[in-house]
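**Student:** I'd like to go over a predicted model; first the sequence, then the structure.
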Amino acid sequence: MAHHLRQGDIFAVGAQRLQMTESIELTIQSLQAYGPTHEHWGIAWSGGKDSSATLTLLMYLLDSGKIQWPKSLTVFYADTRQELPPLAIAARQIMDELEERGVHVEVVTAPLDKRFMVYILGRGVPPPNNNTLRWCTRQIKIDPMQHALEQRLAELDGNVLMITGVRQGESAIRDKRIEMSCGKDGAECGQGWYQKVLPEAKGLRGRLATLAPLLHWRVCHVWEWLKHWAPEAEFGDWSTATIADAYGGDEAEEINARTGCIGCPLASEEKALETVLQNPAWSYLAPLRGIKPIWRELREPQHRLRKAGIE
């Protein structure tokens, strides 16, 4: 890399604006600091912008020899079956590219009876809301991922480093909120956010840690990586440009597009879908605008079976 940062320089850099090469260098330092102490690595991948940037950058760093390969590498793709089609298609393309490299990809889904639409239309549970019934994220994403990880851990000898796409952006450095990584589990400033995790599952205690090596990345660097760097042959020839397009990448607004699932009942606006529909190639998806009103209607009292009394 063109510019090498010493540990502890991160706050001096944060007073300016991190450049792309500096952000990548800090990520390399993070992975070099913690990667070698874990025999096995896992990557939690949602198909969104931050986790996709983390995944493809990590693969580039491994393939180019900038960091050493672990004994095993497993990618856990959280498939909620509710993603926007452009993101789901991009994820499938990236999975094919990973398989071509010999990287094991585990597609993690909830059991059929607990998937989003089955739970609502089959079992009759009301669509989730932000106030009293927010069941969806844990049921279709968090719990299945935890179960898949526990199963994988049970198959392996040695400890595991779970790499996530958690990102707080440059403001975390500038405001020194990134200091939460300093001194936690022996972490040094500027080495990402490393945490030891103690799963409750039998036999796994003390074997799992997490690392967020893109914690410090500016959102414009995420767009730049996905749209221009990762698709280049030099950096892996990844199918990530569609992801940036689906978000309508714009540094000025971190929340600019994605709301998660199609027709998410927890989001006030359908920013992601509207961004996608601006692309003529995806205009045929316009009927998806009708999903949110359906979920809203299903919450109305006349559609609910009630028990005796006021419940």
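**Tutor:** Sure, I can see it. Residues are numbered from 1 along each chain as shown.

**Student:** how about the helices of the protein, start to end?
**Tutor:** 10-14, 20-34, 49-63, 85-100, 116-117, 136-137, 143-155, 170-174, 219-224, 241-247, 271-277, 291-298 (DSSP state H).

**Student:** Mind giving me the packing neighbours of the fourth one?
**Tutor:** Read it as helix 85-100. If contacts are counted by 3 or more Cβ pairs under 8 Å, 6 or more residues apart in numbering; DSSP states H and E, helix 85-100 sits against helix 49-63, strand 72-78, strand 104-108, helix 241-247. To be clear about C-beta, it is placed using only N, CA and C from the backbone, and glycine gets the same treatment.

**Student:** buried ones in that helix?
**Tutor:** Using 16 or more other Cβ atoms under 10 Å as the burial criterion, the residues of helix 85-100 that qualify are P86, L87, A88, A90, A91, I94, M95, E97, L98.

**Student:** again with stretch 32-39
**Tutor:** For stretch 32-39, using 16+ other Cβ under 10 Å, the buried residues are A33, Y34, G35, H38.

**Student:** Put together JSON lines for the helices of the chain, with distance to F235 and mean pLDDT on each row.
**Tutor:** Formatted as JSON lines, the helices of the chain follow (distance: least, Cβ to Cβ, whole Å; pLDDT from 0 to 100):
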{"stretch": "helix 10-14", "distance to F235": "23", "mean pLDDT": "39"}
{"stretch": "helix 20-34", "distance to F235": "10", "mean pLDDT": "92"}
{"stretch": "helix 49-63", "distance to F235": "5", "mean pLDDT": "96"}
{"stretch": "helix 85-100", "distance to F235": "12", "mean pLDDT": "96"}
{"stretch": "helix 116-117", "distance to F235": "35", "mean pLDDT": "94"}
{"stretch": "helix 136-137", "distance to F235": "32", "mean pLDDT": "90"}
{"stretch": "helix 143-155", "distance to F235": "27", "mean pLDDT": "90"}
{"stretch": "helix 170-174", "distance to F235": "22", "mean pLDDT": "51"}
{"stretch": "helix 219-224", "distance to F235": "11", "mean pLDDT": "89"}
{"stretch": "helix 241-247", "distance to F235": "12", "mean pLDDT": "87"}
{"stretch": "helix 271-277", "distance to F235": "25", "mean pLDDT": "85"}
{"stretch": "helix 291-298", "distance to F235": "36", "mean pLDDT": "92"}
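
**Student:** Just give me the closest of the buried residues of helix 85-100 to R123.
**Tutor:** Minimum distance to R123 across those is 24.0 Å, recorded for A88 (Cβ to Cβ).

**Student:** Quick check: the residue nearest to S52 when sequence neighbours are not counted vs T164, distance?
**Tutor:** Closest residue to S52 apart from its sequence neighbours, by Cβ to Cβ, 6 or more residues apart in numbering: I243 at 5.3 Å. Plainly put, I243 is 17 Å away from T164 if you go by Cβ to Cβ, to the nearest Å.

**Student:** Looking at these two, which is more packed in?
**Tutor:** Here I243 and T164 are set side by side on neighbour count (other Cβ atoms under 10 Å), and the busier one is I243, at 28 against 22.

**Student:** Surely that one and L226 touch.
**Tutor:** Yes: counting by Cβ atoms under 8 Å, I243 touches L226, with 5.3 Å between them.

**Student:** For those two, list the residues in contact with both.
**Tutor:** With contacts taken as Cβ atoms under 8 Å, 6 or more residues apart in numbering, the residues that reach both I243 and L226 are K49, S52.
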